[in-house]
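# one predicted model, sequence on top.
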Amino acid sequence: MTSEEKRQFTARISQANKSELVVILFEMFDYCIEQAEDGFKTEDLQKADSYLKSAKGCVSELRGSLDMGYEISHNLYSIYTYVNRQLTASIIKRKSVNIDNVKENMKKLRKSFEEVAKQDTSGSVVQNSQKVYAGLTYGKGTLNEVFMDNEAVRGFKA
């Protein structure tokens, strides 16, 4: 992941509520899987391995965020465990193992969580973060974001 992509994800995470964080994890998973597939296609196994491990990290975060007090969480846990096994098999065999099936399952879940995120009106999870204002400036072919830090003491108030 390039530093620009990391910066974009970081900015989004700092402003996201709980549901949006889950959607961002799915987006990061999709990105990692795309990069891993590219690594397999170009026979860059180190790249594929690295991105598969990152995708496994996303799945671990998704699995760890489940509230097992709900029945649906048990179903999601099973799906995430299946995905994790397929990613592990791909790492061990150094080739794509059921990645298309994994992508399809995760794509369906992502769409569901995107709908949930649209209805979630809770505030940002990260408190005392810099405010991100998009649209104030434009770069060549891109929208630049500006961080405003009016409270320089973020979290260090006496």
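Everything's here; your move.
# which outside residues touch the host helix or strand of residue 60?
Applying DSSP states H and E as the criterion places residue 60 in helix 45-64. Contacts of helix 45-64 with the rest of the structure, by CB atoms under 8 Å, 6 or more residues apart in numbering, involve 1, 22, 25-26, 28-29, 32-33, 35-40, 76-77, 80-81, 83-84, 87-88, 90-91, 94. Backbone N, C-alpha and C define where each C-beta goes, glycine included.
# quick check: residue 54 vs residue 113, distance?
19 Å (CB to CB, to the nearest Å).
# looking at those two, which is more packed in?
More neighbours surround residue 113 than the other of residue 54 and residue 113, with 21 against 18 (other CB atoms under 10 Å).
# spit out the contact partners of that one.
Counting by CB under 8 Å, 6+ apart, residue 113 makes contact with 19, 22-23, 26.
# among these, show me the least confident.
Among the contacts of residue 113, residue 19 has the lowest pLDDT, at 87.
# so it versus residue 47, what's the distance?
Separation of residue 19 from residue 47 (CB to CB) stands at 31 Å.
# who has more neighbours out of the two?
Each of residue 19 and residue 47 has its neighbours counted (other CB under 10 Å); residue 19 has more, 19 against 15.
# list phi and psi for that one.
phi -70, psi -40 (degrees, to the nearest 10).
# mind listing what it touches?
By CB under 8 Å, 6+ apart, the neighbours of residue 19 are 113, 116-117, 119-120, 122.
# most neighbours of all the residues you listed, which one?
Comparing those on neighbour count, residue 113 comes out first with 21 neighbours (neighbours: other CB under 10 Å).
# give me the buried positions along whatever helix or strand it lives in.
Element membership of residue 113 [criterion: DSSP H and E] is helix 99-119. With burial defined by 16 or more other CB atoms under 10 Å, the residues of helix 99-119 counted as buried are 99, 102-103, 105-106, 109-110, 113, 117.
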